[in-house]
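Asker: let me see the structure of the following:
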Amino acid sequence: MKTLIKNAQVVLPEGVLPTSVLIEDQRIAAIDPAIQTRVDETIDAAGLHLLPGVIDDQVHFREPGLAHKEDLFTASRACAKGGVTTFLEMPNTVPPATTQALLNEKRALAARKSVVNYGFYIGATPHNIDDLRAATSTPGIKIFIGSSTGDLLVDEQAALERIFAETTLPITAHCEDETTVRRNADRYRGVSDPAIHSKIRDVEAAVIATRRVIDLAIRHKHRFHVLHVSTGAEADILHEYYATAGDDPARRLITAEACSHHLLLNVNDYARLGTLAQMNPSLKAAADNERLWQALRADGIQVVATDHAPHTLEEKQRPYPQSPSGMPNVENSLALMLNEVHLGRCSLEQVVHWMCDAPARVWDIVNKGRIAVGYDADLVLVDLNRTQTIRNEDQLTKCGWSAWHGVELTGWPVRTWVRGQEVFRDGKVLDDVRGAEATFDHARGGYWALCSGGFQPPRKSSALS
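Answerer: Residues are numbered from 1 along each chain as shown. Presented below is the predicted three-dimensional model:
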């Protein structure tokens, strides 16, 4: 099957170019192919922009064990609608994915059910070091340093030292200091105002844990990715780290991400959203929003993800603190960022770097994240001029709600391809499509190794048109 997408504004690694892209089977076969090339399907994309498919490197899709909130089929359909063609899913399902056998069970479920591509982290416990050393077919190891219960909570220093010292896979972590959170929870016990959540899970809790794991990564020379940076103080810590490490990729072991809600929501939104705004890490101040944006634009934070964490609306509307933390967002995350392009806060090239290219580099994902010959044909057409409103009743995620319900955005995905198969068009997901497991080649060395040789992420529009 050959498909020609013509007349699009194509976001290439070197900038935006008006050209055509030829898809042959699962791969990008040519950019600006010869006019006489024979194809099976031609798509006229005049007025639209063609982007690489989004890679969301932090989602919680709840299957197995919590499928009343979400499952791999419903979540992947929401991904397809939102232009997310690959997801990396966290291990805190029931049972948690802490062994290769349990990881393989999730991989098999996704092969049967997911309409987009997938990968699954293995979860660390204080006692599964042998499983972490032997794990394969995974982007890396996830540690919950705070914000977890049972065996997935790893807070003891000795256990953390062993994980960093005795494993080779990249590590990522939820960074909130458990001691600080518990102390604050005791202080505010009995308070039912959801806004108190940001005082319980405060800036200090995030800073202590982030400093702790950066120290571990430096001492053990271990690649580490800081999940959902929520504070300006953490951005400053990362800035200090990069200044010390210099430009040598061998010394740059740390990468980081910010999530949509920490970029676009803050403590002022509790008045409007109540417990729907309850997140771990919590929302912080408006000044933290701006500091995270500054860090993104300076490559002090490399990735934008969602931390898609669905709960039913009934669960979320329980009185605080019985309400669970987390919100869904895979089907709106790209549109939210395209709206920021519309508002002039960032460029389209920057969004593509943060949501497509950078996560592929961080996690050593083969043939994804760019529009380039030989890469997988994971693509999304977007209309930067389309304006529409997010509504709960339109959500494909099983939980059926969005914190941005009623918000009008300009810039939306309109068609999505996964490995050359069209999976979303005309507002509908094509449910017979199946994605494939992402391939992780950790010998590549991660973001900074792949960015060596003079690479600079886009700072502003570099359109070639």
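Asker: skip ahead from whatever helix or strand Arg112 lives in and say which helix or strand is next.
Answerer: In the assignment (DSSP states H and E), Arg112 maps to helix 100-113. Beyond helix 100-113 on the C-terminal side, the first helix or strand identified by DSSP H and E is strand 117-120.
Asker: which other helices and strands does that following strand contact?
Answerer: strand 84-89, helix 100-113 (3 or more CB pairs under 8 Å, 6 or more residues apart in numbering; DSSP states H and E). C-beta coordinates here come from the backbone N, C-alpha and C atoms, glycine included.
Asker: closest to Glu41 out of those?
Answerer: Glu41 sits nearest to strand 84-89 of all those, at 18.7 Å, using CB to CB.
Asker: what's the average pLDDT for the closest one?
Answerer: In this model, strand 84-89 carries a mean pLDDT of 98.
Asker: list the contacts of that strand.
Answerer: By CB atoms under 8 Å, 6 or more residues apart in numbering, the residues outside strand 84-89 that reach it are 53-61, 75-76, 79, 106, 116-121, 139, 330-331, 333-334, 359, 363, 365, 368, 378-380, 416-418, 435, 438.
Asker: so what secondary structure elements neighbour the least confident helix or strand in the chain by mean pLDDT?
Answerer: The helix or strand of the chain with the poorest confidence is helix 446-450; it has a mean of 93 (mean pLDDT, DSSP states H and E). Using 3+ CB pairs under 8 Å, 6+ apart, the elements in contact with helix 446-450 are strand 254-259, helix 358-362.
Asker: hmm, 10 Å instead?
Answerer: Packing partners of helix 446-450 (3 or more CB pairs under 10 Å, 6 or more residues apart in numbering; DSSP states H and E): strand 224-226, strand 254-259, helix 358-362.
Asker: who does the longest one pair up with?
Answerer: Paired with strand 254-259 in the same sheet, following DSSP bridges, are strand 224-226 (parallel), strand 303-305 (parallel).
Asker: please produce TSV containing those, extended by mean neighbour count.
Answerer: As requested, those are exported to TSV (neighbours: other CB atoms under 10 Å):
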stretch	mean neighbour count
strand 224-226	26
strand 303-305	28
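Asker: which one of those strands lies closest to Leu296?
Answerer: strand 303-305 (7.2 Å).
Asker: distance between the least confident helix or strand of the chain and the chain's centre?
Answerer: A distance of 18 Å separates the centroid of the chain from that of helix 446-450, by CA atoms, centre = their mean, to the nearest Å.
Asker: any low-confidence regions in the stretch 251-400 of the chain?
Answerer: The stretch 251-400 of the chain contains no residues with pLDDT under 70.
Asker: quick check: Arg251 touching Lys221?
Answerer: Yes. Assessed by CB atoms under 10 Å, Arg251 is found in contact with Lys221 at 9.1 Å.
Asker: neighbour count for those two, which is higher?
Answerer: The neighbour count for Arg251 versus Lys221, taken as other CB atoms under 10 Å, is higher for Arg251 (15 against 11).
Asker: from His68, how far off is that one?
Answerer: When distance is defined by CB to CB, to the nearest Å, Arg251 is 46 Å away from His68.
Asker: swap in Val16?
Answerer: 43 Å.
Asker: these two: who's more crowded?
Answerer: Val16 (22 against 13).
Asker: circling back: next, format the strands paired with strand 254-259 as a markdown table and append distance to His197.
Answerer: Below are the strands paired with strand 254-259 laid out as a markdown table (distance: least, CB to CB, whole Å):
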| stretch | distance to His197 |
| --- | --- |
| strand 224-226 | 21 |
| strand 303-305 | 21 |
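Asker: which of the ones you listed sits closest to Tyr270?
Answerer: strand 303-305 (22.5 Å).
Asker: how far does the closest one sit from its chain's centre?
Answerer: Worked out by CA atoms, centre = their mean, strand 303-305 lies 5 Å from the chain centre.
Asker: give me the helices and strands touching the helix or strand where Arg415 lies, please.
Answerer: In this assignment (DSSP H and E), Arg415 forms part of strand 408-418. Here strand 408-418 touches strand 2-12, strand 49-52, helix 72-82, strand 84-89, helix 333-342, strand 379-389, strand 421-425, going by 3+ CB pairs under 10 Å, 6+ apart.
Asker: hang on, isn't Leu334 packed against Trp412?
Answerer: Yes. Leu334 is within contact range of Trp412, at 8.2 Å (criterion: CB under 10 Å).
Asker: looking at these two, which is more packed in?
Answerer: Leu334 (30 against 20).
Asker: for the more buried one, what are its contacts?
Answerer: Contact analysis of Leu334 by CB atoms under 10 Å, 6 or more residues apart in numbering lists 51, 53-54, 56, 81-84, 260, 304, 306, 351-352, 355-356, 380, 382, 411-413, 416.
Asker: ok, it to His49 distance?
Answerer: 11 Å.
Asker: need the overlap of contacts for those two.
Answerer: Residues touching both Leu334 and His49 (CB under 10 Å, 6+ apart): Val352, Val380, Val382, Gly411.
Asker: for Glu393, state which of the residues you listed is nearest.
Answerer: Looking across those and measuring by CB to CB, the closest to Glu393 is Gly411, at 21.2 Å.
Asker: just give the number of residues close to that closest one.
Answerer: 24.
Asker: distance check, the residue nearest to it when sequence neighbours are not counted against Arg345.
Answerer: Using CB to CB, 6 or more residues apart in numbering and skipping the chain neighbours, the partner closest in space to Gly411 is Leu338 (2.8 Å). Taking CB to CB as the measure, Leu338 falls 11 Å from Arg345.
Asker: and if you look at Ile129?
Answerer: Ile129 is 43 Å from Arg345, by CB to CB.
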